[in-house]
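Colleague: Only the shape, not the letters, is given here:
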């Protein structure tokens, strides 16, 4: 029986566009946030738990956002983790075959449905805008549950 797995993402900084509010009459206000993950994601607990076993269908359960000091800031109910790869093309002399040589990789975290529990989150992002640099360095933990839980 597979167990739940946890994905831990450290040193996340705002990246791209961040919605302060997405308003639609009669619906809950949502925000779309995108962060670049500056440390290699900790996936070992997910692999050890068997959650990435292709025989199981993963379902996201919850996400939690913390500041750099470990203070809980927001509950994240809808999130996505993407790995991005960059390759350099190489073609040996006299060969018609072109190779892809890996040169860089990164991870991007995006979440939409966020319940902010501490206004510090928005304050850190807005203070960073005033200074012209990201002031919000955050940590995220996502929990994945296999279909048998």
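Modeller: Good, I have the coordinates. Computed from a predicted model, the values in this text were never measured in an experiment.

Colleague: Who are the contact partners of residue 10?
Modeller: Going by CB atoms under 8 Å, 6 or more residues apart in numbering, residue 10 touches 37-39, 42, 139. Heads up, the C-betas are built off the backbone N, CA and C, glycines and all.

Colleague: again, only this time at 6 Å
Modeller: 39, 139 (CB atoms under 6 Å, 6 or more residues apart in numbering).

Colleague: measure it to residue 137 for me?
Modeller: As defined by CB to CB, to the nearest Å, residue 10 lies at a distance of 9 Å from residue 137.

Colleague: is the closest residue to residue 81 other than its chain neighbours in a bridge, and if so with what?
Modeller: Nearest residue to residue 81, sequence neighbours excluded (CB to CB, 6 or more residues apart in numbering): residue 109, at 5.6 Å. With DSSP bridges as the criterion, residue 109 is bridged to residue 35, residue 81.

Colleague: count of neighbours near residue 109?
Modeller: Using other CB atoms under 10 Å, residue 109 has 24 other residues around it.

Colleague: what sits against it?
Modeller: Neighbour list for residue 109: 9, 12, 35, 37, 81, 140 [criterion: CB under 6 Å, 6+ apart].

Colleague: Now do residue 140: how many residues are near it, please.
Modeller: The burial count for residue 140: 23, using other CB under 10 Å.

Colleague: in which helix or strand would I find it?
Modeller: Assigned by DSSP states H and E, residue 140 falls within strand 138-145.

Colleague: No further questions, thank you.
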